[in-house]
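> Coordinates only, no sequence provided:
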């Protein structure tokens, strides 16, 4: 009953009350976390840990349930921003969102095996991380074996999809509407469906790929 | 090619000012004082979450003081978030659905909704800079995201599909050793969308793009170049497919 009121309560009053009372529903939560309206938390008491300075916008869903891996935790480190309508859902393994990262609105982060998002990662709106339709639709989620890892300093464009079992290097840029199915090294720009390397980031000249195509 | 703005990420914007209350006040009422914030809080607390016709009429009555301009016969849904309402101008017969966020950052930014326009459920309109201008009879479907850093102009009689996204700004990626979130925000200029444009579902339009009139854009496409008038566009990245047949005298 209190939870339902807190979830609904608008304005400054609601922000204040949620900041004081939402840590009751979490395993560990710092004192200066901002929760927006209609933030849903499922099974947070056992699994969800939130660091200081985190901002969680309206309509965010945090699923802390994990039947297949009971010890797994959902860790949101310091100064993370989570945009409105985003779902962070633990279906199997643990999820870690590194400090200083920013998730845009309407993203989905799902973990059949563990998902690790590094520090200072910028995720744009409508991204999907850790799903793998080829494996989950035709067989089942248990066939996903490896972890998904997005290393620190990456930038995922609008509607980028990162499949499960993919590792992306530090500082890599994933273009908008890209579908990442394989691993990528550090500091490259990848685009397309399925994603391919467009150029390396230290080659700052934008015309390089066109020249290569002409040759 | 792109002008660099001296702003950081969301987190650094929040980290700049001191004091939680002054931060909150500048977001909610812009340059208004404590009293304006109090009034805004009371309206947010009592009337914004009300459902059904009662809430609608109450919002119509009380939002006059909050918004810059309110036309006749408007309807604003429940649980909307309106930030810095003095810079929002709503025309006649506008319908705004539930859970809509109209967010205008403090400053000289502006959001204008033309007559008979319609905004669907859960849409976020985020005006970080410039002026967002939505024309007459334009329909923006649910769960869209419109952003602008240097302005966005949508003409009249347009339709923008579900889950579409008009990107306001990007980040520069020049320095290798700095994370991209800490690098400055860039914007290629004002986006223009002409009249009678139909944009499908799940379309992304980049910043600084000019789309002409009578254009149709297929679902799931990524618009990263300008589209002239009377054309169709589809695909990722967009391919301008064919000239539309236009009836002439």
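Great, that's in hand. None of the values given here were measured: they were computed from a predicted structure.
> quick one: residue B:41 from residue A:7, how far?
Distance, residue B:41 to residue A:7, using C-beta to C-beta, to the nearest Å: 19 Å. C-beta here means a position set from N, CA and C on the backbone, and glycine is covered the same way.
> From the contact counts, what lies against the lengthiest helix in chain A?
Scanning chain A for the helix with the most residues, using DSSP state H, yields helix A:11-21. Other helices and strands packing on helix A:11-21, by 3 or more C-beta pairs under 8 Å, 6 or more residues apart in numbering or on different chains; DSSP states H and E, are helix A:2-8, strand A:34-35, helix B:34-46.
> Just give the strands next to the shortest one in its sheet, each with its orientation.
In the sheet containing strand A:34-35, its partner strands are strand A:55-56 (parallel), by DSSP bridges.
> related to what we said a few turns ago, between the helices and strands packed on helix A:11-21, which gets nearest to residue A:111?
Comparison of the helices and strands packed on helix A:11-21 against residue A:111 by C-beta to C-beta identifies strand A:34-35 as nearest, at 21.9 Å.
> contacting residues around the closest one?
A:15, A:18-19, A:22, A:54-56 (C-beta atoms under 8 Å, 6 or more residues apart in numbering or on different chains).
> And the helix or strand that comes right after it, what's buried?
As assigned by DSSP states H and E, the chain's next helix or strand after strand A:34-35 is strand A:40-42. Buried residues in strand A:40-42, counting neighbours by 16 or more other C-beta atoms under 10 Å in any protein chain shown, are found at residue A:41.
> Determine the next helix or strand in the C-terminal direction from strand A:40-42.
helix A:44-47.
> re earlier: would you tell me which one of the helices and strands packed on helix A:11-21 is buried the most?
Of all those, strand A:34-35 has the most neighbours on average by mean count of other C-beta atoms under 10 Å in any protein chain shown, namely a mean of 22.
> Switch the helices and strands packed on helix A:11-21 over to JSON lines; also include mean pLDDT and distance to residue A:87.
JSON lines is the format used below for those (pLDDT from 0 to 100; distance: least, C-beta to C-beta, whole Å):
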{"stretch": "helix A:2-8", "mean pLDDT": "85", "distance to residue A:87": "16"}
{"stretch": "strand A:34-35", "mean pLDDT": "90", "distance to residue A:87": "15"}
{"stretch": "helix B:34-46", "mean pLDDT": "84", "distance to residue A:87": "26"}
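> Figure out which of these is closest to residue A:83.
strand A:34-35 (12.8 Å).
> In contact with the residue nearest the centre of chain A: list those residues for me.
Nearest to the geometric centre of chain A sits residue A:109, at 4.6 Å (C-alpha atoms, centre = their mean). Residues near residue A:109 by C-beta under 8 Å, 6+ apart: A:86-89, A:95, A:97, A:103, A:115, A:117, A:129-130.
> Distance of it relative to chain B?
17 Å (C-beta to the nearest C-beta, to the nearest Å).
> secondary structure element for that residue?
strand A:108-111.
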